[in-house]
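Novice: coordinates for the following, if possible.
(one chain, ligands or ions: 1)
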Amino acid sequence: MDRRRYLVTLASAASVGLAGCTALGDVSNEVFGGDEYDIGMSRNEFLPDEYEINVGETVIWKNTSGADHTVTALEGSIPDEAEYFATGDYENEQTARDAWHAERGGRLGTRETYSHTFEVPGTYEYICEPHIYADMVGTIIVHE
Ligand SMILES: [Cu+2]
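Specialist: Residues are numbered from 1 along each chain as shown. This next block holds a predicted model:
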């Protein structure tokens, strides 16, 4: 818990510091290097594929492979009250999935990260749109 809060704070501070400094995009790897993420993405798996947190915590995904991935929540498999989430910040699942096929929208490239804060308890299922055929799916369980 303490480690997570510290990292999230650190990450926010770093992105503020890097605003307008995109030529140094690689600097973000220093912040998220090593084990400073929660869920890695291999060639076609979320690692771990099941992850548990408490309400209000933030999950950080990192693409630890050479392939492009997405994090795309399954609208019918998240709590009713929950905010929809997907890389690219699309409003709903259909838009997110269509965007990937149209223009690789929501693409998370190698070493890029994505984070989402979970405010509603329950079970959330999500997929990687480009690798759903390989069963690249994940579950987040959020406890009260
Ligand atoms: Cu994938």
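Novice: any idea how many residues pack against the nearest residue to R43 once chain neighbours are set aside?
Specialist: Nearest residue to R43, sequence neighbours excluded (CB to CB, 6 or more residues apart in numbering): S65, at 5.2 Å. The way it works is simple: take the backbone N, C-alpha and C, and place the C-beta from them, glycine included. Neighbours of S65 under the rule other CB atoms under 10 Å: 16.
Novice: ditto for the one 10 residues further on
Specialist: Using other CB under 10 Å as the criterion, E75 is surrounded by 14 other residues.
Novice: mind listing what it touches?
Specialist: Neighbouring residues of E75 by CB atoms under 8 Å, 6 or more residues apart in numbering: Y84, N92, E93.
Novice: measure it to the ion for me?
Specialist: To the ion, E75 is 19 Å away according to CB to the ion, to the nearest Å.
Novice: can you check M41 too?
Specialist: 6 Å.
Novice: quick one: pLDDT of that residue?
Specialist: Model confidence at M41, given as pLDDT, is 97.
Novice: hang on, it packs against L108?
Specialist: Yes. Judged on CB atoms under 8 Å, M41 makes contact with L108 at a distance of 7.3 Å.
Novice: touching both of those two, which residues are there?
Specialist: Taking CB under 8 Å, 6+ apart as the contact rule, M41 and L108 both touch W61, N63, H69.
Novice: the second one: what's it in contact with?
Specialist: By that I understand N63. G40, M41, H69, L108, G109, T110, R111, E112, T113.
Novice: F85 is in contact with A73, correct?
Specialist: Yes. Contact status for A73 versus F85: in contact at 4.9 Å, counting by CB under 8 Å.
Novice: what is in contact with those two at once?
Specialist: Shared contacts of A73 and F85, counting by CB under 8 Å, 6+ apart, come down to Y126.
Novice: tell me which of the contacts of E75 fall in helices.
Specialist: E93 (DSSP state H).
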